[in-house]
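In: sequence first, then the predicted structure, then my questions.
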Amino acid sequence: MRIATFNVNGVNGRLEVLLRWLAEQEPDVVCLQELKAPQAKFPAAAIARAGYGAVWHGQSRWNGVAILARDTDPILTRRGLPGEPEEEQARYIEAAVRGVLIGCLYAPNGNPAPGPKFDYKLRWLDRLLSHATNLLEAGAPVVLAGDYNIIPDEIDVHKPERWRDDALFRPEVRQAFERLLAQGWTDAVRARHPRERIFTFWDYLRSAWQRDAGLRLDHLLLSPVVVDRLVDAGVDREVRGLDRASDHAPAWIEIAA
DNA sequence: ATGTCGATCTACGATCGA
């Protein structure tokens, strides 16, 4: 069973790229972020024609998250994190697919730091950590996948010194990621490739893709029972090189059925 | 400092967030 996460950067603007990748890789579960589409404009019909059921949490202009499931419908368990105000940004959705609970998240970018956007990012991560610890309690198989907007470590960024003061790499957010791991979650791609330089994002600016000046921002965190089933993990880099590509590439895990 | 996207409005260019 293959579970992937992909920040599409506009689900309608990138529909061709998304459908092509779905057809080629046939992932069983897909977490999408940055839909940039209101609830009514999610391309559910085209995605259904590709063979996927979907649940989504849209928002006009920005944010937006979705969970797709091949040949079945995800069973929605929540939209938004616990304790969020009703008018909160659309950054979290959760559903059960084939016996695995899938949390799909899009953490705030947080730049510029310091500032109100950075403060919002830290508050949002606090809410995520509270929910994450509750998810572990039952001992069920859970995958928390998405764009964390966190560079976990120096190996995850092409030039660490240039990113020292950026909201993606500040100690406060790296510590939030470490606290998730301390709760008992496993960073699947890093666990599978302990010393490899792996990126999931390349900026549109300054020919970042051509220079391979990337960052690793998209992560799949596994609860302990899922780690026991982990077979492989990786990144579909070639998707970043397609015409009209997102600035992110999909990251994925393969777990024993 | 650099300077690219998608979506949306300020609407055939400008803006915001990333």
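Out: Okay, I see it.
In: all strands of chain A, in order?
Out: Along chain A, the segments classed as strands by DSSP state E run A:2-7, A:29-33, A:52-57, A:65-70, A:75-79, A:92-97, A:100-106, A:142-147, A:186-187, A:201-202, A:214-215, A:218-222, A:230-235, A:251-255.
In: packed most tightly, which of those would that be?
Out: Of all these, strand A:29-33 has the most neighbours on average by mean count of other CB atoms under 10 Å, namely a mean of 29. Using the backbone N, CA and C atoms, a C-beta is placed for each residue, glycine as well.
In: which strands border it, and is each parallel or antiparallel?
Out: strand A:2-7 (parallel), strand A:65-70 (antiparallel) (DSSP bridges).
In: which non-adjacent residue is nearest A:Arg179?
Out: Leaving aside its sequence neighbours, A:Arg179 sits nearest to A:Leu129 (CB to CB, 6 or more residues apart in numbering; 5.9 Å).
In: kindly report the same for A:Thr133.
Out: A:Gln183 (5.3 Å).
In: burial count for the one you found?
Out: Using other CB atoms under 10 Å, A:Gln183 has 14 other residues around it.
In: name the residues of the stretch 1-150 of chain A found near DNA strand B, please.
Out: A:9-14, A:34, A:36-38, A:41, A:60-63, A:108-109, A:111, A:117 (CB under 7 Å from any atom of the strand).
In: are any of these buried, and which?
Out: A:9-11, A:14, A:34, A:36-37, A:63, A:108-109 (16 or more other CB atoms under 10 Å).
In: export these to JSON lines and append columns for pLDDT and distance to A:Glu196.
Out: Output for those, formatted as JSON lines (pLDDT from 0 to 100; distance: CB to CB, whole Å):
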{"residue": "A:Asn9", "pLDDT": "97", "distance to A:Glu196": "25"}
{"residue": "A:Gly10", "pLDDT": "97", "distance to A:Glu196": "29"}
{"residue": "A:Val11", "pLDDT": "97", "distance to A:Glu196": "30"}
{"residue": "A:Arg14", "pLDDT": "96", "distance to A:Glu196": "27"}
{"residue": "A:Glu34", "pLDDT": "97", "distance to A:Glu196": "26"}
{"residue": "A:Lys36", "pLDDT": "97", "distance to A:Glu196": "31"}
{"residue": "A:Ala37", "pLDDT": "96", "distance to A:Glu196": "34"}
{"residue": "A:Asn63", "pLDDT": "96", "distance to A:Glu196": "30"}
{"residue": "A:Pro108", "pLDDT": "96", "distance to A:Glu196": "28"}
{"residue": "A:Asn109", "pLDDT": "97", "distance to A:Glu196": "25"}
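In: before I go, just wanted to say thanks for your time.
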